[in-house]
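Peer 1: sequence plus the predicted model coming up.
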Amino acid sequence: MSKLSRREFVYMMAVLGAAPVFANSHTRMTDTSNKLEDYYKLKPFGNARFLHMTDSHAQLLPVYFREPSVNLGFFGNFGKPPHIVGEKLLDYYGIKGNKRLEYAYSCVNFEAHAKAMGKVGGFAQIKTVVDYLRDSFGKEKTLMLDGGDTWQGSATSLYTRGKDMVGAMNLLGVDVAVGHWEFTYKAEEVLENVKALNAEFLAQNVFVKETSLMNGAEAFDEDTGHAFKPYTIKKMGNARVAIIGQAFPYTTIANPQRFIPDWTFGIKEDSMQDMVDMIKETEKPDAVIVLSHNGFDTDKKMAEVCTGIDFILGGHTHDGVPEAVPVKNETGTTYVCNAGSNGKFLNVLDLDIQNGKIKDFKFTLLPIFSDLIPEDKDMKKYIEDVRLPFLKELTRPIATTEQTLFRRGNFNGSWDQIICDALLEVKEAQISLSPGFRWGTSVMPGQTITFDDLMTQTAMTYPETYARDITGSDIKAILEDVADNLFNEDPFYQQGGDMVRTGGISYKINPKAKMGERITEIVLTKTGEKLQASKSYKVAGWSTVGAKSDGEPVWETVETYLKNVKHISNVKVDTPDIIGVAGNPGII
């Protein structure tokens with residue numbers, strides 16, 4: 001058991017051959033048959049059930065996904081979930097030696113576990129579990145929530161402009177959704193997809209600009225300026241529950257505003273408080289839920305400064321946190337949850353609502369082990385049909401690998417390094433920069449790298465590459481700016497990604513230093529020369545947020561590189577020298 005007292009926790013499957021490890025978890029069945037209900041049946045509890053997934057990044061099929069070995073937390077988040085990794089995470093949650101849960105929640109023994117247990121996620125498998133959990137609890141008492149980053153992250157989502165995922169969400173039975181990468185399509189495409197979506201698409205923190213209102217741009221509510229419906233009231237059996245939507249607050253900073261020029265974003269904690277107060281006074285719901293894409297640490301701060309919220313079901317930072325984390329505020333406690341990414345997990349939140357309030361709850365983070373779950377036939381057929389027009393291109397082999405390729409962690413992963421190396425070589429650059437995206441699946445040793453695999457790392461609406469001269473001082477400024485986004489002491493100033501990935505340079509970073517002082521000793525790895533502030537260097541990169549670059553899409557750059565290399569055998573991952581992390585459980 002964890003040294004901390006918990007009042008709710010993860011489930012334990014009968015197949016694991018152990019009693020529940022966590023306090024107040026849903027009790028598992030103990031027989032050994034292979035029926036779905038023997039693995040995913042949760043002990044009946046309460047009278048309202050929320051099923052929540054997030055950050056699937058358009059991964060319709062099962063995938064391999066390696067959890068991070070670096071997820072650093074500092075200041076108030078030091079040593080707190082999700083900033084605990086590897087063996088320390090297993091000790092914290094008391095699951096060391098439990099192979100299924102090691103594989104689900106950590107990077108420990110990843111290759112061995114992946115070989116033994118196979119892939120995770122897959123919308124055909126998720127639908128099987130969702131339908132079972134919905135039907136066994138009662139459809140009229142169950143809601144399916146999608147936390148965003150669903151319409152982006154694959155070749156088919158890019159080619160169909162997110163429509164493949166809208167169809168999948170409709171078939172899955174999603175009731176309420178929010179967004180982030182959804183807004184990286186053009187505004188008219190976003191609105192077209194929202195119209196086709198059976199779910200309610202919510203955002204209390206997205207507004208239409210005043211100038212746009214003057215020019216006739218449509219708003220959901222012209223009185224408030226909300227671009228989308230901010231909240232909804234849902235009847236769940238005899239209970240009435242309010243759900244407030246929170247889109248990613250930094251969308252027009254982290255992603256191009258040129259695609260959605262008429263909308264503004266922000267954390268909007270004051271308007272969130274006003275919204276909660278208004279809903280409680282006028283709607284008198286039995287529970288208030290926020291469906292958020294803030295990121296875990298940002299959600300925790302929102303839970304501290306806003307009162308009256310019962311649960312925040314969050315996303316964006318891809319953290320599979322196997323507990324509902326309690327956060328105290330002026331009037332009570334708000335619980336913060338996150339459901340990982342890539343379809344790997346499904347949150348189950350069961351509420352016991354009595355006399356107009358939540359009496360008790362049970363929270364379960366269900367890993368979706370694809371090898372244990374039969375595919376839903378309708379979803380399987382839908383996925384096959386969506387992929388069929390592109391199948392020849394998707395399955396085209398590019399190269400092979402004998403080492404694990406992954407992207408997840410505060411600094412370079414091996415997939416990131418391949419992109420950086422490709423930019424260096426193909427663009428004949430001295431330095432390469434690649435965004436610290438958290439989306440992207442893993443490729444296992446011995447696997448053939450297909451075009452489909454490459455697109456899980458690069459499929460987006462602004463993939464153009466560049467090669468330009470940048471001064472040493474500007475390169476340092478770029479690194480400092482991203483470091484502040486990642487390691488700022490105030491979670492409201494964090495944008496939830498990871499450090500920009502680099503090629504051709506090494507450097508030292510002190511995450512706890514002040515803005516402008518975190519990055520030191522930048523050195524060109526090829527020559528050992530220190531970066532000079534006034535000197536210009538040829539830098540290659542991709543994914544410019546401002547004006548569009550004029551280079552080819554990055555997947556063409558990387559494919560050219562991989563075809564030349566043919567076989568990946570020894571990728572040297574450039575990791576900076578990190579200062580001040582001794583004893584930090586967020587790094588192995």
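Peer 2: Ah, there it is. Numbers count the residues shown, from 1 in each chain.

Peer 1: what about stretch 78-96, start to end distance?
Peer 2: One end of stretch 78-96 sits 22 Å from the other (CA to CA, to the nearest Å).

Peer 1: how about that stretch: buried residues?
Peer 2: Residues of stretch 78-96 classed as buried: 80-86, 88-90, 92-95 (neighbour count, 16 or more other CB atoms under 10 Å). Where you see a C-beta, it was placed from the backbone N, CA and C, and this is true even at glycine.

Peer 1: and which of these is nearest W181?
Peer 2: W181 lies nearest to P82 out of the buried residues of stretch 78-96, by CB to CB, at 20.2 Å.

Peer 1: mind putting the buried residues of stretch 78-96 into TSV with distance to L433 and secondary structure?
Peer 2: Converted to TSV, the buried residues of stretch 78-96 look like this (distance: CB to CB, whole Å; DSSP: H, G, I helix; E, B strand; the rest coil):
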residue	distance to L433	secondary structure
K80	31	coil
P81	30	coil
P82	26	coil
H83	25	coil
I84	29	coil
V85	25	coil
G86	28	helix
K88	31	helix
L89	30	helix
L90	34	helix
Y92	34	helix
Y93	36	helix
G94	41	coil
I95	37	coil
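
Peer 1: can I get these in JSON lines with distance to L133 and pLDDT?
Peer 2: Below are those laid out as JSON lines (distance: CB to CB, whole Å; pLDDT from 0 to 100):
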{"residue": "K80", "distance to L133": "29", "pLDDT": "96"}
{"residue": "P81", "distance to L133": "24", "pLDDT": "96"}
{"residue": "P82", "distance to L133": "24", "pLDDT": "96"}
{"residue": "H83", "distance to L133": "30", "pLDDT": "98"}
{"residue": "I84", "distance to L133": "28", "pLDDT": "98"}
{"residue": "V85", "distance to L133": "29", "pLDDT": "98"}
{"residue": "G86", "distance to L133": "31", "pLDDT": "97"}
{"residue": "K88", "distance to L133": "31", "pLDDT": "97"}
{"residue": "L89", "distance to L133": "26", "pLDDT": "96"}
{"residue": "L90", "distance to L133": "27", "pLDDT": "94"}
{"residue": "Y92", "distance to L133": "27", "pLDDT": "93"}
{"residue": "Y93", "distance to L133": "23", "pLDDT": "89"}
{"residue": "G94", "distance to L133": "25", "pLDDT": "87"}
{"residue": "I95", "distance to L133": "22", "pLDDT": "86"}
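
Peer 1: just to check, L172 is in contact with D376?
Peer 2: No - taking contacts as CB atoms under 8 Å, L172 lies outside contact range of D376: 9.1 Å.

Peer 1: mutual contacts of the two, please.
Peer 2: Common contacts of L172 and D376, defined by CB atoms under 8 Å, 6 or more residues apart in numbering, comprise K127.

Peer 1: how many neighbouring residues does N570 have?
Peer 2: If you count neighbours by other CB atoms under 10 Å, N570 ends up with 6.

Peer 1: again, but for the one 3 residues further on
Peer 2: Neighbour count of V573, defined by other CB under 10 Å: 16.

Peer 1: and it, what element?
Peer 2: In the assignment (DSSP states H and E), V573 maps to no helix and no strand.

Peer 1: any idea how far E428 is from S473?
Peer 2: Distance, S473 to E428, using CB to CB, to the nearest Å: 23 Å.

Peer 1: dump the buried residues of stretch 78-96 into JSON lines; add distance to V336 as well.
Peer 2: Shown next, in JSON lines, are these (distance: CB to CB, whole Å):
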{"residue": "K80", "distance to V336": "11"}
{"residue": "P81", "distance to V336": "10"}
{"residue": "P82", "distance to V336": "11"}
{"residue": "H83", "distance to V336": "14"}
{"residue": "I84", "distance to V336": "15"}
{"residue": "V85", "distance to V336": "19"}
{"residue": "G86", "distance to V336": "23"}
{"residue": "K88", "distance to V336": "21"}
{"residue": "L89", "distance to V336": "18"}
{"residue": "L90", "distance to V336": "22"}
{"residue": "Y92", "distance to V336": "17"}
{"residue": "Y93", "distance to V336": "17"}
{"residue": "G94", "distance to V336": "21"}
{"residue": "I95", "distance to V336": "21"}
